[in-house]
Structure formats: structure tokens, C-alpha cells
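Undergrad: quick one: sequence plus predicted model below, questions after.
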Amino acid sequence: MAVRLELHVAGRIEDYALIGDMQTAALVCRDGTVDWLCLPRFDSHAIFAGLLGTGEHGFWRLGPAYAPGAEPPTSARRTYRGDSLILESEWDTPRGTVRVIDFMPPRDGAPQLIRIVEGVSGRVPMRSELRMRFSYGRVVPWVHKQEGRTVAVAGPDSVWFDTEAETYGKALTTYADFTVAPGDRIAFTISWEPSHKEPPALPEPEQSLVATEDFWRDWVEHCTYHGPYREAVVRSLITLKALTYAPTGGIVAAPTTSLPEDIGGVRNWDYRYTWLRDAAITLSSLLRTGYREEARAWREWLLRAVAGDPENLQIMYGIAGERELGEAELDWLPGYENSTPVRVGNGAAHQLQLDVYGEVTEALHLGHMTGLARNDYASVLQLKLIRYLESHWHEPDEGIWEVRGPRRHFVHSKVMAWVAVDRTIKLIESGDADGPLERWKQLRDDIHRDVCEKGYDKERNTFTQSYGSQALDASLLLIPQMGFLPPDDKRVIGTIEAIQRELSTSDGFILRYPTDGEEEGVDGLPGDEGAFLACSFWMADDLAMIGRVDEARKLFEKLLSLRNDLGLLAEEWDPRLQRQVGNFPQAFSHVPLIDTALRLTASGAYGG
């Protein structure tokens, strides 16, 4: 079969499936192409970066052979095998049907990506096209044979390619052409190892498949949610588990970088780190659905990350607790659909975001309330955080959305400072910590009064984005959910209704805040963005809390319909393009999905 060098184009964001081993993850497109994989960790350099560039930046396609000049055929069907992270894709061709099984076994040694081709009917010609490019597509590795195995080496990295199929190299790409008949199973594996070490053990694909399926089946059995939205909840939980870095308990916000919030724009960020906010709300969802071990591991990660310097709490850390996440631009990558710059690292790490004190304290409080084994240092840390807030809560900050404009007195930040103090008062009142109870009760009252006086617009009956601002912000939807005010308070209802009027898209989803197109807006950036999915779930939550449960259910189920065919969500939904945008899959979208499902189930607002 003649080799042809096709122009490779990344798929739509929702065309991708997630597979992973809880230390890194790969994205697999409908046509059988792995376009994104960082080894050995989520935040390592990518060996396949075609997602943010072209085929010259690395990919691995495995699927039916196709005619020169034609588009690679997309799978007719794909699904996860049961409640697992094992992807099964099937193609119907004129010559028969073939299945490809993709997975990454939970790691016990070298990280592996395993792909098993299975003949279903007929005799189907197949092709594997493996183009490894290290350092985000910049470095072409030295590919050679060693002891009968194919190995790619560049600097500190080596990737080993194992298969029984006959392979050959051409145009800096490794190919395999073969045919499968019913019952045939041919495995392909890549394994990573530091280049100075001995080769990784030979893979055992079939045994690894069984072990991987057993792992996910056993893990899902711990889920305590059995309501009407179980399929969506379980898939979201599996996704959150996949975003957890198993060695440390850190949780990445997403496994990707620079998937744009605005196609063709500059709103492209690296999400392969642990945001305290995202990790804390992820922890809350896991606790509410029966997963205490993940909660314990995250709490231990938190204590290590902030150890020795809790007064200088960062908003995010590396997955092992690293503090330095310097931001850089990869100018050799043209970006997803020409959305530049492509960024690695994140300069927001050293922003002041006072709300994270509330999110972390709320997570620790929930762990305490759900019976997580006591950790004395966790209580000490909580007290230290409140002592810091006592002196700094009145300062302006960059806020939950990490604006790159000037600092402001964001209302949400003040509300979450109130949450931090409130939950710590509850800890002291329970007898599990000692602190200046009366002084902090007064502090709680002071913050509450300040927000209600300076962050509320009496004429419009709504809270505003920041003190003295007329703009709204969807983070205000968390006011009743955090207990700052009761749901039936007229100011809460007024805020919900104002956000519906002013921040809703034409299809009823919620924007984070107003943006100004080509002009620099409140966030210091040009361009617009899509509806923020977390905010849309928050709206459904609030509607249920104020008794508009039918409206809440309809919005929730409309949001569920935005998931791709595998139940995955990116950060945002572009109402103009009718497609998902932003990093993918996004923990900050799947967490509120779970929370809203729990609330609607408790209220009986489902069905019909």
C-alpha cells in the first residue's frame, strides 16, 4: 500500500474522547486519531500536539485505510465500555466492520496507551500512522529499533512502540498496514520511560484491558447516587477521577492547554494545574457521592502544598504542589483553529483571589461534616487562613474569573470571605478547634454588612459584580448556595432575575459577565466568549432553590443535551457556532452537573 502524507486537521472539541490513567490523559478523535497526549504527567510536554497545530506536531491515527486525497473515515459508533474509561469505536466499511479499543491502564510501572484492533465482520484493511513529536511538536525524535522494539528518543524522553503488526518508517512517520477478519485482535502500545533507564517491560494488552475494566467497575460501585440522572452523574464522576493525579491527590482543572474560549481569539489558557477553587468544589462533589478516599488524598495534597507559607496561599499549584508555574507562549504552534497564542504555564498563579479561602474552608468543612477522619493540622491551617483574611478581606482582588485588568472589590470574593469565616466559626463551635469566637462572629457580621451595603443596587434590586459597578456577574448566583442569604430573600430573587435578563444567551444559557468584543473589557482582554457552563448549572440550582423547579429541570436537561456523545463537557458553549469551546473536558463543568442533579433529585424535579 502506497504511503500518502495527508494534511491533518484537528476535530471539533466535542469530537474527542478522554482516556487516561489518573496521571495523564489522551484525547482521541472520532476518526481514530490521538491528537493530544502529555507524558509522563498531565503537565509534561506533549508528544502528540496535533490538537494545537497540524500533523507535523504529532498524532497517532489508527483506523480503516482510505483512498489518497480522501478524508479519514469517522467511526459510526463509539461508546465507553460500561462505567469505565475504556473507549470502543466501530467503523462500518464496504469491506466489513472493525472495532478499536483505546485505554490507558491505571499505572503500575511505565505509562501506557494501548490500542486493540478487533475484527467484527468481513476483512477490513487498516492502517496505523504514528508520528511522534516531542516538546509540543517541536522536536523530531530519533526513531530506531532496539531488541526488536521500536523506540523514539529525544533528550530525557523515550517512547517505546510495541505491536505484532509489521511496521515500517517513511517521512519521519511509523506505519503499519494490515487486514483484520472476524475474531482477529491486534494490539498496539506506546510506553514512556526516561531515556537513561532500561526499556519498559513488554506490554500485556489483554491482561491490562481486564485489569482496567475491573478497576473502573470497582471504583464506580462506591457511588452512592442512584437517582434519575445516574448516567450523567457517573460519567462526570469518572471524568473527575480521571483528572486526579493519583500519586499526590492533586486535581487538574482540565487535561489540555489553550483550547480557546473564543475561536480565533486570545482567550487561551493552560488548565493542567490544580486550582484550589476547582479542586475544592470537585472534592465537594466526590464527598456528596461517596468518595472519601479522594477527599482524604486531596486534603493531604493541600496541606503539603501550602505547608510553611499558608499566609501566601496561591490560587493554583502544580499537581505535586509546585509553586512556580511561569507562563510562556509556544510560537511554533498555530493554535487550535488558529487561536493564538498557545500558552503553557499560567501567570494567574500569583494573583490575589480572596474567594479561594472560602472554597478551601468550605471543602474542609464538608469533609468534617461527612465524617472524614480528623486531621489536626487541617484545623490549624483553617485558623491561619482566617487570621490572614481578618487583615485582608477588605482589599480589592482579581476575583474568581482571574481578570487581567485592575483589581476590584468583587462581591463574590467578599461573599466567599464570609463563607470562610462562617465555616471556621462552626468548626470552633463544634469543639474541634479553638479561636477567638466572638471576634470572628463580629468579623462575619462586618463582611456581611459591607457586601449588602456596597455590593447591592437598591434601584435594580440586584447585587453587582463589584462595589460601585453596574455590571452583573454570574458568580452572584452562589450567594444562596453558600448560605450568605436565604433563597427567599428578595435581593436573591432580584439578582437571579437580573442575571436571567442581562447575562442569558438566546438559548437560555448564562454568560459569566459582559464582554466588549474587540474592546478591552473588565477582564482586561479583547474578544467575547461563550456561555460558561458552570454558571448555567448554577442558574438551574438557584431556580430550584426559589421554587421554580420545572424551569430548573428544563434548563438542566437542556444543559445535559450539550454533552458530546460520550457525556463530556468543555468549559463553555458558543451559542453562535453551536459548539463546545474552552479546555476539555473541564472539571468546573462536570462538578456543578453533579451538584444540580443531586439538588433536583432531592426536590423530585425530574421526569416528563
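TA: Received the coordinates, thanks.
Undergrad: okay, and residue 254 sits in which element?
TA: Secondary structure assignment for residue 254, by DSSP states H and E: no helix or strand.
Undergrad: in contact with it, which residues are there?
TA: Shown in contact with residue 254 (CB atoms under 8 Å, 6 or more residues apart in numbering): 243, 271, 272, 571, 583, 584, 585, 586, 587. All C-beta spots, glycine's among them, are computed from the backbone N, C-alpha and C.
Undergrad: now do the phi/psi pair for it.
TA: Main-chain dihedrals, residue 254, degrees, to the nearest 10: phi -160, psi 160.
Undergrad: before we move on, the earlier item: now the contacts of residue 254 in CSV, with distance to residue 111, secondary structure and neighbour count?
TA: Formatted as CSV, the contacts of residue 254 follow (distance: CB to CB, whole Å; DSSP: H, G, I helix; E, B strand; the rest coil; neighbours: other CB atoms under 10 Å):
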residue, distance to residue 111, secondary structure, neighbour count
243, 16, coil, 29
271, 20, coil, 26
272, 15, coil, 26
571, 26, coil, 28
583, 21, coil, 27
584, 21, coil, 24
585, 19, coil, 31
586, 23, coil, 27
587, 21, helix, 28
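Undergrad: return the member of these nearest to residue 156.
TA: Set against residue 156, the nearest of the contacts of residue 254 by CB to CB is residue 272 (18.7 Å).
Undergrad: distance of residue 557 from residue 315?
TA: 33 Å (CB to CB, to the nearest Å).
Undergrad: so which of the two has more stuff around it?
TA: A direct count of neighbours by other CB atoms under 10 Å for residue 557 and residue 315 places residue 315 higher, at 25 against 16.
Undergrad: separation between the more buried one and residue 266?
TA: Distance from residue 315 to residue 266, by CB to CB: 21 Å.
Undergrad: same check on residue 509?
TA: 22 Å.
Undergrad: more neighbours: which of the two?
TA: Comparing residue 509 with residue 266 by neighbour count (other CB under 10 Å), the higher total belongs to residue 509, at 23 against 16.
Undergrad: nearest residue to the more buried one in space, please, no chain neighbours.
TA: residue 531 (3.5 Å; CB to CB, 6 or more residues apart in numbering).
Undergrad: quick one: contacts for that neighbour?
TA: By CB under 8 Å, 6+ apart, the neighbours of residue 531 are 505, 509, 510, 511, 572, 573, 574, 575.
Undergrad: check residue 392 too.
TA: residue 354.
Undergrad: number the residues from 861 up from this point.
TA: Understood, numbering begins at 861; the last thing we discussed is residue 1252.
Undergrad: which pLDDT does the model give it?
TA: In this model, residue 1252 is scored at 94, pLDDT.
Undergrad: just residue 1384 next, same as before
TA: On the pLDDT scale, residue 1384 gets 53.
Undergrad: show me where the stretch 911-1060 of the chain has its strands.
TA: Counting by DSSP state E, counting those that start in this stretch, one finds strands in the stretch 911-1060 of the chain at the ranges 919-924, 937-940, 947-953, 956-963, 972-982, 984-991, 1002-1006, 1009-1014, 1017-1023, 1027-1030, 1033-1040, 1045-1054.
Undergrad: would you list those strands in JSON lines and tack on mean pLDDT?
TA: Below are the strands of the stretch 911-1060 of the chain laid out as JSON lines (pLDDT from 0 to 100):
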{"stretch": "strand 919-924", "mean pLDDT": "98"}
{"stretch": "strand 937-940", "mean pLDDT": "98"}
{"stretch": "strand 947-953", "mean pLDDT": "98"}
{"stretch": "strand 956-963", "mean pLDDT": "98"}
{"stretch": "strand 972-982", "mean pLDDT": "98"}
{"stretch": "strand 984-991", "mean pLDDT": "98"}
{"stretch": "strand 1002-1006", "mean pLDDT": "95"}
{"stretch": "strand 1009-1014", "mean pLDDT": "96"}
{"stretch": "strand 1017-1023", "mean pLDDT": "97"}
{"stretch": "strand 1027-1030", "mean pLDDT": "94"}
{"stretch": "strand 1033-1040", "mean pLDDT": "97"}
{"stretch": "strand 1045-1054", "mean pLDDT": "98"}
